[in-house]
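Engineer: Got a predicted structure here, sequence first:
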Number of protein chains: 2
Amino acid sequence: MSLQTIINDPERLLQGDQISDVYKKDTYVADVAEVQAVALAKTTDEVVMLVNYAIEQDLKIIARGAGTGVAGAQVPIHGDELIIDVSQMKQIIGLDEATMTLTVEPGVPLSEIQEYVESRGYFYPPDPGSKHSTIGGNVATNAGGMRAVKYGTTRDYVRAIEVVLPTGETVELGSLNIKSSSGYDLKNLLIGSEGTLGIITKIKLKVLPLPKYKKSVLLAFDSVTNATDGVLTILANGIEPTALELFERGTIAYSEKFMKQNLPIQSGDAYILTTLDGNEMESITKSVQAVKQLLQDKAIATLSLNAEQEKQAWKLRDTILVALMEFTEFEMLDEVVPINRFAEMIGYTKELEEKHGIRVINFGHAGDGNIHTVLMKEDLDHAAWLVRREAFLADLYKKVAALGGLPSAEHGIGIVKKAYLEKMIDPVELDLMRKVKNAIDPDNRLNPGKLV
Amino acid sequence: MSLQTIINDPERLLQGDQISDVYKKDTYVADVAEVQAVALAKTTDEVVMLVNYAIEQDLKIIARGAGTGVAGAQVPIHGDELIIDVSQMKQIIGLDEATMTLTVEPGVPLSEIQEYVESRGYFYPPDPGSKHSTIGGNVATNAGGMRAVKYGTTRDYVRAIEVVLPTGETVELGSLNIKSSSGYDLKNLLIGSEGTLGIITKIKLKVLPLPKYKKSVLLAFDSVTNATDGVLTILANGIEPTALELFERGTIAYSEKFMKQNLPIQSGDAYILTTLDGNEMESITKSVQAVKQLLQDKAIATLSLNAEQEKQAWKLRDTILVALMEFTEFEMLDEVVPINRFAEMIGYTKELEEKHGIRVINFGHAGDGNIHTVLMKEDLDHAAWLVRREAFLADLYKKVAALGGLPSAEHGIGIVKKAYLEKMIDPVELDLMRKVKNAIDPDNRLNPGKLV
């Protein structure tokens, strides 16, 4: 069967010059290799036929959503890759209120899912930075985001996935059952596998009732270490913040400059911005008081935000990356360390700043040990940037490993972090990963050269 | 190396007549095959040496804890199995308050873990029925229990496991990092794999701060259907009960007879017993009021329990199985269906009671769709029991599958439910499970013939 027979619509089948450069890149990686063809599938059946076509023609396959990835996982690197773009599989199939499950196709943007469920009184908690990203990509990378500290990551909201395997077979992994001890957990194996084990064609998501109220608090500290101590204190006292973000003064300053608005507290070297949600305002108020009381000695200033301030503070937080883009080229990392090593890790990035002459800023999801260290090119020339950057990253990931951390908390490994992952994890574990990949995809057809 | 060299302590190495019949059985399965030898390991190194010995001698291996399983997973079925009993690896290595992690050896009984953390102000939520079960077994079966509706199952509390692989290599899967998108999720693959992929030799558990308060409510309904509707109503309104148990009048009657105590409400055909916990009594009181108000039309009686009544009601619930043992031989199942099919499933067991002439009672974790249907032998002779039981189970699991359910919510598949699992899940999924097993354990050395 020819590609034209499978995708009988010239607008959904791109070859040669028709292939836009978009398909050779993601947010940070570009132009590694050419693309054989791009097929914009609309149904699972089309995906199955495309996989069978790739088997016949011995092509490799990359599944792709919105292309908002940051690790190069969707980027072709061999030149013989057929890209199956699922961004047109974007139907929200339906919300089943009895089982609190939303069934969607993989190409639905995250923002649409959030709007859809919230307008019906439900809540899909995972909240990665890019709202344009597709849910399929979120599942493939186990995307995290701001609310993971209370609600967990994408993994925790996937009840079931329909997957097209490298054999061309289709299978549903997981189910609407809340508990299972019925065989190997293949659903979790596929989640976060970055398109290397199967192509996700349908997703059943768990949704929650939408919490009725929320309240945010901003706390300023005179050092990142004190702010981190504050985070640990909050968590150890059984308070469950919805979000618990930490950022440095130097980081939020970029947003302030870009938005021409200031954070309501200006003093301090580091901040915690935290939100508490729930169904009873009284209980939230108590938690807010508890946070302030627990940290009254550690923090140099605390402020319960009114609705206006809350909106503004979170907008400033959300704008960090967009603001940075105005000022410099940069690379954002997503390393993760055990929560009690957060301050030490951030401190070390400052040492590396000195050592390698690359300016860094940090922000992150302090409640789960996930730091976004940002390396900024600023005035460095391209060659110096590349050399210093590589040396910086080598040191940084060595430290991450020494602290018991991992290279990626929520963005995935792709090609960008593959060499670091290989150095950081136990060779026995890496070997196990390769055995599993080889068992499920013996021809190395799905997203070859990524992750493992 | 001989077994005697590896385990240089005659009390920890059993062969021939020294092997007690205990090693040939679990709670329900007995005497399928003989045991080659039993080694009571005390360290990971010993486990490694034992695995290498089994490789040399081409023996199969079963890892075993307290033997409280109910699916035959720890029972030898070939006669060439070396049992590695880890019940003497029972050290609680330590609680790390900064990362809220408890490190334990696999042979620690669940009850000890609960006492250890609670006496220090922490909470390990998973609460399967058998408190004598070891944590290693809990991880190997992804044990569930009463509190899964709010807190999840064992899987949700495992941060990392040290595993001895069938190659004799040792690897730690998972980490103290709360988030990860750094490669395949092998930790979750091992959890619930019933000893078929690796032997768990150390476990790092996530613990929570101990909630300060709790309160229980008992509600009576005139039918299981109305009680199930009540469960759905509670969950759909954003109330998060710690436990949400449903049982029939005929079920709790056994406990009442055995304990010579009565449930504080006697009217009704079915009950919901629910507990709410948290750090603020006011908020719990509000939830209790909300539950009562939401269900005032559906329930025929509701009662907030005082401390004494709460203790007694939960004791009655916990005693169901022990009480039953006094009255009859029985087989307890742990089927799971989507929560909105709970009543239909229980209703169907009543049809099967008529059809096959086996008395059944039901109780279960209604908040997660997990039913414990109990088939009672009563006065049936052995032959009739076996024949009717088989026909009953064939019908029952067909219905479970038709409702989108699974054979095991929390006990595991072992040998008891293997044939049913094979009929109930997609052959493509089964084939994937076998590929994974074969990739990790190509000689089929670990717990052969179980699960897949």
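Structural biologist: Cool, the structure landed. Residues are numbered from 1 along each chain as shown, chains lettered A, B, ... in the order given.

Engineer: where do the helices sit along the stretch 151-300 of chain A?
Structural biologist: Assigned by DSSP state H, counting those that start in this stretch, the helices in the stretch 151-300 of chain A fall at A:186-190, A:224-236, A:249-259, A:281-294.

Engineer: Can you check which of these gets nearest to A:Ala143?
Structural biologist: Among these, the nearest to A:Ala143 by CB to CB is helix A:186-190 (14.4 Å). In short, each C-beta sits where N, CA and C put it, glycine included.

Engineer: circling back to that earlier point, can you redo the helices of the stretch 151-300 of chain A as a markdown table with mean neighbour count and mean pLDDT?
Structural biologist: Below are those laid out as a markdown table (neighbours: other CB atoms under 10 Å in any protein chain shown; pLDDT from 0 to 100):
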| stretch | mean neighbour count | mean pLDDT |
| --- | --- | --- |
| helix A:186-190 | 23 | 98 |
| helix A:224-236 | 22 | 91 |
| helix A:249-259 | 19 | 96 |
| helix A:281-294 | 17 | 94 |
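
Engineer: Run through the residues of the stretch 51-200 of chain A sitting next to chain B.
Structural biologist: Contact residues, the stretch 51-200 of chain A versus chain B (CB under 8 Å from any CB of the partner chain): A:97-100, A:141-144, A:148-149, A:153, A:155, A:165, A:169-173, A:175-186, A:188-189, A:191-193, A:197.

Engineer: Now list the buried members of the residues you listed.
Structural biologist: Among these, those classed as buried by neighbour count (16 or more other CB atoms under 10 Å in any protein chain shown) are A:99-100, A:141-144, A:148-149, A:153, A:155, A:165, A:169-173, A:175-186, A:188-189, A:191-193, A:197.

Engineer: For A:Ala366, list the residues it contacts.
Structural biologist: By CB atoms under 8 Å, 6 or more residues apart in numbering or on different chains, the residues touching A:Ala366 are A:227-228, A:231, A:244-246, A:272, A:339, A:342.

Engineer: Now stretch A:140-154: average pLDDT?
Structural biologist: Here stretch A:140-154 scores 95 as its mean pLDDT.

Engineer: Kindly export it (C-alpha atoms) in PDB.
Structural biologist: Taking Å, rounded to 0.1, in the frame of the first residue of the first chain, the C-alpha atoms of stretch A:140-154 are listed here in PDB:
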ATOM      1  CA  ALA A 140       4.900  10.500  26.300                       C
ATOM      2  CA  THR A 141       7.100  12.600  28.500                       C
ATOM      3  CA  ASN A 142       5.200  12.200  31.800                       C
ATOM      4  CA  ALA A 143       4.900  16.000  31.900                       C
ATOM      5  CA  GLY A 144       4.800  17.600  35.300                       C
ATOM      6  CA  GLY A 145       4.300  21.300  36.000                       C
ATOM      7  CA  MET A 146       3.300  23.500  38.900                       C
ATOM      8  CA  ARG A 147       0.700  21.400  40.600                       C
ATOM      9  CA  ALA A 148       2.700  18.200  40.900                       C
ATOM     10  CA  VAL A 149       3.600  18.800  44.500                       C
ATOM     11  CA  LYS A 150       0.000  18.200  45.500                       C
ATOM     12  CA  TYR A 151      -1.500  16.400  42.600                       C
ATOM     13  CA  GLY A 152       1.300  14.400  40.900                       C
ATOM     14  CA  THR A 153       2.400  14.400  37.300                       C
ATOM     15  CA  THR A 154       0.600  13.300  34.100                       C
END
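
Engineer: still on that earlier bit, if we look at chain B, which of the contacts of A:Ala366 are close to it?
Structural biologist: Among the contacts of A:Ala366, chain B is touched by A:Ile339 when using CB under 8 Å from any CB.

Engineer: From the contacts of A:Ala366, pick the one nearest chain B.
Structural biologist: Nearest to chain B out of the contacts of A:Ala366 is A:Ile339 (CB to the nearest CB; 6.2 Å).

Engineer: Mind checking the helices of the stretch 151-300 of chain A for the one nearest to B:His372?
Structural biologist: Closest to B:His372 of the helices of the stretch 151-300 of chain A is helix A:186-190 (CB to CB; 24.4 Å).

Engineer: so where's the stretch 301-450 of chain A shaky on pLDDT?
Structural biologist: The model of the stretch 301-450 of chain A has no residue with pLDDT under 70.

Engineer: which parts of it sit against chain B?
Structural biologist: Contact residues, the stretch 301-450 of chain A versus chain B (CB under 8 Å from any CB): A:334, A:336-340, A:365, A:367-370, A:404-413, A:417, A:421, A:425-426, A:428-430, A:432-433, A:435-440.

Engineer: Count the neighbours of the closest residue to A:Ala366 other than its chain neighbours for me.
Structural biologist: In this structure, A:Ala366 finds its nearest non-sequential neighbour in A:Leu246, 3.7 Å apart by CB to CB, 6 or more residues apart in numbering or on different chains. Neighbours of A:Leu246 under the rule other CB atoms under 10 Å in any protein chain shown: 27.

Engineer: partners of A:Leu246 in the sheet?
Structural biologist: With DSSP bridges as the criterion, A:Leu246 is bridged to A:Ile272, A:Gly364.

Engineer: quick revisit: got the helices of the stretch 151-300 of chain A as a markdown table, with distance to B:Asp17 columns?
Structural biologist: Shown next, in a markdown table, are those (distance: least, CB to CB, whole Å):
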| stretch | distance to B:Asp17 |
| --- | --- |
| helix A:186-190 | 43 |
| helix A:224-236 | 54 |
| helix A:249-259 | 71 |
| helix A:281-294 | 62 |
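
Engineer: What separates the first and last residues of stretch A:155-166, distance-wise?
Structural biologist: 22 Å (CA to CA, to the nearest Å).

Engineer: Can you mark which positions in that stretch are buried?
Structural biologist: Across stretch A:155-166, burial judged by 16+ other CB under 10 Å covers A:155, A:157-166.

Engineer: In strands, which of the residues you listed fall?
Structural biologist: A:158-164 (DSSP state E).

Engineer: ok, which pair from these is furthest apart?
Structural biologist: Based on CB to CB, the longest span within those runs between A:Arg159 and A:Val164 and measures 18.6 Å.

Engineer: How are the helices of the stretch 301-450 of chain A distributed by residue range?
Structural biologist: A:307-318, A:320-327, A:342-356, A:382-402, A:418-424, A:427-440.

Engineer: Also the stretch 1-150 of chain A?
Structural biologist: Going by DSSP H, counting those that start in this stretch, the stretch 1-150 of chain A shows helices at A:3-6, A:44-57, A:110-118, A:135-141, A:148-151.

Engineer: helices or strands up against the third one?
Structural biologist: Helices and strands in packing contact with helix A:110-118 are listed as strand A:92-96, strand A:101-104, helix A:135-141; criterion 3 or more CB pairs under 8 Å, 6 or more residues apart in numbering or on different chains; DSSP states H and E.
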